[in-house]
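A.B. asks: Kindly return the folded structure for what I paste below:
(2 chains)
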Amino acid sequence: MPTARVLRDIKARHGVNANEILRRAYLYVARNQTLPPQVRFQAQLQLNTFGRYTRPTTVKNRCTATGKGRGIISEFGLSRYQFRLKALANELPGVHKASW
Amino acid sequence: MAAIAPARLAALTRMRCEIFQTAYNPTSVRTGAKYLRARLRGPSMIQYYPDELSVARFNRMGGDFKIQDWDEYQRLSDVEEKKRRGKGAPKKAKSPAESRRQSRKR
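C.D. replies: Numbers count the residues shown, from 1 in each chain, chains lettered A, B, ... in the order given. I've put the predicted structure just below:
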């Protein structure tokens, strides 16, 4: 069972995916200096009406095994301890303990 | 070698933009094109967590065959037991005043 934080993150991911194209369109208008300021301001106001879980910055990569938020090794999507456990159990192809 | 006139350099840039079909923007005005040019990040974002199948999710799929969810059964019976002994969750406050009274009691 995923933790509440992971569920929240999943919610944010789906919200971002659903609203991305519309947000991009508003961003284009709001940041376009060749358009009249009034139009740009209106677009910025529209951007501000989007909810919290539609912004890509609310999405955080958490550990896919435990849901931990810190110490994530992004190539594997695992926290550092889970990475160690799985690597030692030979569950990560191409990863083995250094020894020289 | 003599310096090349700025007007001729500008003409060269304009021609280059025409040939390679890029936007001619000599004053570097922000056109917002980067928001249209960037790839969409949503499709890869929703694939980050692997799909997990739980008992509750399986039962919600709508097949004829259902699995007994023992963990959920245990949780519900625990809640019932707590309620019976008067240790359940407190009633939801109906008004701000009630909410204040409840927090003070604690």
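
A.B. asks: Excluding covalently adjacent residues, which one is nearest to residue A:11?
C.D. replies: Computed as CB to CB, 6 or more residues apart in numbering or on different chains, the closest residue to residue A:11 that is not its neighbour in sequence is residue A:53, at 5.6 Å. In short, each C-beta sits where N, CA and C put it, glycine included.

A.B. asks: Over to the one you found. Which of the three states is it?
C.D. replies: Reducing the assignment to helix, strand or coil with DSSP: H, G, I helix; E, B strand; the rest coil, the entry for residue A:53 is helix.

A.B. asks: Please tell me how far it sits from residue A:67.
C.D. replies: Distance from residue A:53 to residue A:67, counting by CB to CB, to the nearest Å: 17 Å.

A.B. asks: what's around residue 60, how many residues?
C.D. replies: With no chain named, the answer covers chain A. Applying other CB atoms under 10 Å in any protein chain shown, we find 15 other residues in the vicinity of residue A:60.

A.B. asks: Wait, chain B was what I had in mind.
C.D. replies: A total of 10 residues lie near residue B:60 under the criterion other CB under 10 Å.

A.B. asks: Next to chain A, which bits of chain B? Give me the list.
C.D. replies: On the criterion CB under 8 Å from any CB of the partner chain, chain A has as its neighbours in chain B the residues B:29-33, B:35-36, B:38, B:40-43, B:45-46, B:48-50, B:52, B:54.

A.B. asks: what about 6 Å?
C.D. replies: Contacts of chain B with chain A, taken as CB under 6 Å from any CB of the partner chain, map to B:29-32, B:35-36, B:40, B:42, B:45-46, B:49.

A.B. asks: could you give me the average pLDDT of the strand or helix carrying residue A:27?
C.D. replies: Assignment of secondary structure by DSSP states H and E places residue A:27 within helix A:4-31. Here helix A:4-31 scores 95 as its mean pLDDT.
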